[in-house]
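Q: Here is my input; please provide its structure:
(2 chains)
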Amino acid sequence: MDGKIKILVIDDETDALELFRDLFTKKGYAVECAPGGIEALEIIDKMLFDAVLLDIRMPIMNGIEVLAKIKQKKPDLPVVMLTAYGYDDTLINKALEQGATGYISKNFPLAQIVYTFQTLLSTMPTKREEDSPAE
Amino acid sequence: MVCNTPLVSDTIVSKVFTKNRQNSGYLFPMIEKSIEEANMLFLYLNLDLKLIMCNKSLERITGYTRKEIFKGDWQKIFFGKNHSKREMFKAVLMSCFANVRGHAYEGSIIRKDGTECALSWSNTIITDVSGKSQGVFCIATDVTEYKFAKNDVAACSERLKDIFVSIKDYALLTTNLANKITYYGASATTLFNWKSDMILKDISTLFAADEGTSIISKIKRKITSKGSFEEELTLLRSDGSVFSSMVLVSGLVNADNNVSGYLYIIRDITEQKKIEAQMIQNEKMAAMGQLAAGVAHEINNPLLVILGRIDMLAMDGEKMSPGVGKTIDIITSQAKRMRVIVDRLLLYSRKKPVSRNIVDVNEILKTIPPLVAYYPEFHKIEWKENLDKELAKVKGDFNQLQDVFLNIAINACQAMPDGGTLTISSYMQDGEFVNVGVEDTGSGVKKEDMGKLFLPFFTTKDTGTGLGLPLCYSIVESHAGVIEVESELDKGAIFTVKLPAYILKESISIKDKE
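A: Numbering: from 1, shown residues only, chains lettered A, B, ... in the order given. Take a look at the predicted model:
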């Protein structure tokens, strides 16, 4: 345990995924990446996280489905949705109903993305230590 | 006095006839025979209305023998219990006697079998040498069949008239073979806004300019080959305005089975066309909305990476040569421009307004001129406002509606690069809609561009993105409203935004849309 906040970023766009990894690493987070829902769920089974950044629109398993699975496994794990739509009310509302902490538009500048993420996390209690690694 | 009788019962007349018979030689028996055999009914009545003579036709027409008739009371036999007919007949004859004048009369009698027989009477007064009436010579033709046929025709004609008058939604007109209007119902007067008599005007004058003659030829060809004609056509009202109509034409066939004219059945389909066009537009816009959302999503991801990586360079504090720095600035500026377009696309594809407040449209409209005044190129344009003080409120988003009116107003101004007049008006429609009209005196919209105005990326301007009007459409649609456009090339355009009024229909128009 190095004291860093550990996050999992899930996005099917490799370049976007690497950007978020580099960005949050630079901002002092411990970052793990998953290129899709199936990989993400495997990682979550093996590792503990303080928060998840999850893209809404993904092939095979979309963000809403992945969110539901994560919430089954880790009900208290904060999940922040990423949306390239920006104003996709229906999907965002669905995600919020299913327990998402909030959402960030990919249209925002990076600084705003980080700020919004930090603000959302600050409203949630961090429970990583209390979670068991495999359930 | 020239009279004869095949069967005579009056001695005076008999004497006269006998004298005439003697004077006329061989001619009189021939006339006598002709009367006896004639198809028409011949009667002679004296001043007391006693039957003096009758020919054979009486037997054929009435079914009684002459013996029966002479033996009984002919009036009772002919009129039965119908006193009014009997009195009428008597009155006619008395009037003839009084005026010493013949009289044509139509009346019916009862046959022996009880059926009615219609007769057309021609009564001639017989006078003596001093001019004194002696009796009346009645000649009658059996017109029963004609009378019934006439009654049928009259009843049929009345029924047809009722049908013509009852039909309100269709204008009915008939023409002759020379295309002249020979009849039209009241609904045609309303539909075409006629004030004067249109009978004998050429039907081709009802069709929009330059089309009349060729359409008439087409109609006739279709009727000859297919039996009828049915097509959507543009017709002209008397005030010169045009309207869409469904025109059905069929030939008017006479008793000889020849076409003697044409029957036009015309229905105004302006509203139906408007609804259809609106539905097509809505479907098109929904499809474009989905496409826009998809495109925006696909562009947003690479944009995130491009702008994100540039941000990262800045965060890293990388030192770059001035040339590289300038290149990165250009990439950033162009990528941000793309982001603005994507943002607008996302807004366009979005369906719900941000907020639903009770909004005073007039208040929004008052904010438009100062906003447009920021653009120095529009300073040559004269502004006119015609706002309805009694305008109802609407339920919606102040800022979004402001965007709509501002966008339309800027478009209107851009259509008048050399100046002109822009008129913003607000008014109620049917107590249900709050209408806002933005009218310019600019270049107008080409007919072929009318259907594309609200499609994303359609623009006639060099610098336009083609997203302004689609965004307006999307916002107005999300407020359960519509935008209508009317335009005449080089004369200007009117954009009318129709929003449901909050007072009466708020619960239906807004909630249903949700």
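
Q: how far away is residue B:430 from residue B:498?
A: Per C-beta to C-beta, to the nearest Å, residue B:430 is found 10 Å from residue B:498. The C-beta positions use only the backbone N, C-alpha and C, and glycine is treated the same way.

Q: Neighbour count for the two, which is higher?
A: residue B:498 (19 against 9; other C-beta atoms under 10 Å in any protein chain shown).

Q: what's the spacing between the more buried one and residue B:164?
A: 36 Å.

Q: What residues sit buried inside the strand or helix carrying residue A:117?
A: Residue A:117 is located in helix A:110-122, with elements delineated by DSSP states H and E. Buried positions in helix A:110-122, judged by neighbour count with 16 or more other C-beta atoms under 10 Å in any protein chain shown: A:110, A:113-114, A:116-117, A:120-121.

Q: And the contacts of that helix?
A: Applying C-beta atoms under 8 Å, 6 or more residues apart in numbering or on different chains, the contact partners of helix A:110-122 are A:5, A:23-24, A:27, A:50-51, A:53, A:78, A:80, A:101-102, A:104, A:106, A:108, B:307-308, B:311-312, B:315.

Q: how about a cut-off of 6 Å?
A: Contact with helix A:110-122 is made by A:23, A:27, A:51, A:80, A:101-102, A:104, B:308, B:311, as judged by C-beta atoms under 6 Å, 6 or more residues apart in numbering or on different chains.

Q: go on, stretch B:249-260?
A: B:219, B:223, B:228-229, B:261-264.

Q: Neighbour-wise, give me the winner out of these.
A: Going by other C-beta under 10 Å, residue B:219 tops the contacts of stretch B:249-260 with 25 neighbours.

Q: ok, now which ones touch that residue?
A: B:229, B:249.

Q: Mind doing that once more with 10 Å?
A: Residues in contact with residue B:219, defined by C-beta atoms under 10 Å, 6 or more residues apart in numbering or on different chains, are B:179, B:203-204, B:207, B:228-231, B:233, B:247, B:249-251, B:262, B:264.

Q: Show me just the buried residues among these.
A: B:179, B:203-204, B:207, B:229, B:233, B:247, B:249-251, B:262, B:264.

Q: Take the residues you listed and keep only those in strands.
A: Taking DSSP state E, the ones among these that sit in strands are B:229, B:233, B:247, B:249-251, B:262, B:264.

Q: if we can go back for a sec, in CSV: the buried ones among the contacts of residue B:219, plus pLDDT.
A: Output for the buried ones among the contacts of residue B:219, formatted as CSV (pLDDT from 0 to 100):
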residue, pLDDT
B:179, 89
B:203, 89
B:204, 86
B:207, 86
B:229, 92
B:233, 89
B:247, 92
B:249, 93
B:250, 92
B:251, 90
B:262, 92
B:264, 92
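
Q: just curious, which of those residues is nearest to residue B:458?
A: Nearest to residue B:458 out of the buried ones among the contacts of residue B:219 is residue B:233 (C-beta to C-beta; 29.2 Å).

Q: any idea how far chain A is from that closest one?
A: For residue B:233, the distance to chain A (C-beta to the nearest C-beta, to the nearest Å) stands at 45 Å.

Q: wait, that residue sits on residue B:216?
A: No - checked against C-beta atoms under 10 Å, the pair residue B:233 and residue B:216 is beyond contact range at 11.1 Å.

Q: shared neighbours of these two, anything?
A: Common neighbours of residue B:233 and residue B:216 (C-beta under 10 Å, 6+ apart) are residue B:207.

Q: Once you drop chain neighbours, what's closest to the residue positioned nearest the centre of chain A?
A: In chain A, the residue lying closest to the centroid (C-alpha atoms, centre = their mean) is residue A:53, at 1.8 Å. Spatially, and ignoring its direct neighbours in sequence, residue A:53 is nearest to residue A:9 (4.6 Å; C-beta to C-beta, 6 or more residues apart in numbering or on different chains).

Q: Let me know the pLDDT of that neighbour.
A: You'll see residue A:9 listed with a pLDDT of 96.

Q: and if you look at residue B:353?
A: 47.

Q: Please apply the same query to residue B:90.
A: For residue B:90, the predicted pLDDT is 82.

Q: re the thing from before, in a strand, that's where the residue nearest to the centre of chain A is, yeah?
A: Yes - under DSSP: H, G, I helix; E, B strand; the rest coil, residue A:53 sits within a strand.

Q: In a markdown table: the contacts of stretch B:249-260, plus distance to residue B:99.
A: As requested, those are exported to a markdown table (distance: C-beta to C-beta, whole Å):
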| residue | distance to residue B:99 |
| --- | --- |
| B:219 | 58 |
| B:223 | 56 |
| B:228 | 57 |
| B:229 | 59 |
| B:261 | 46 |
| B:262 | 50 |
| B:263 | 49 |
| B:264 | 52 |
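
Q: Flag every residue of chain B that's near chain A.
A: B:293-294, B:296-312, B:314-316, B:336, B:339, B:342-343, B:345-347, B:349-352, B:354 (C-beta under 10 Å from any C-beta of the partner chain).

Q: same thing but 6 Å
A: B:297, B:300-301, B:304-305, B:308, B:311, B:346, B:350, B:352 (C-beta under 6 Å from any C-beta of the partner chain).

Q: Please indicate which of the residues you listed are buried?
A: B:297, B:300-301, B:304-305, B:308, B:311, B:346, B:350.

Q: Run a quick neighbour tally on residue 109.
A: By default, I'm working from chain A. Residue A:109 has 15 nearby residues by other C-beta under 10 Å.

Q: meant chain B, my bad for not saying
A: Around residue B:109 there are 24 residues (other C-beta under 10 Å).

Q: And for the one 3 residues further on?
A: Using other C-beta under 10 Å, the number of residues around residue B:112 comes to 12.

Q: Now name the helix or strand holding it.
A: Residue-wise, residue B:112 maps onto no helix or strand under DSSP H and E.

Q: Could you tell me how many residues sit around residue B:32?
A: Count around residue B:32 with other C-beta under 10 Å applied: 18.

Q: all helices for chain A, in order.
A: Ranges of helices within chain A are A:14-26, A:37-46, A:63-73, A:89-97, A:110-122, based on DSSP state H.

Q: Quick check: which ranges of the stretch 251-400 of chain B have low pLDDT?
A: B:349-355 (pLDDT under 70).

Q: how close does residue B:180 sit to residue B:195?
A: Counting by C-beta to C-beta, the gap from residue B:180 to residue B:195 is 19 Å.
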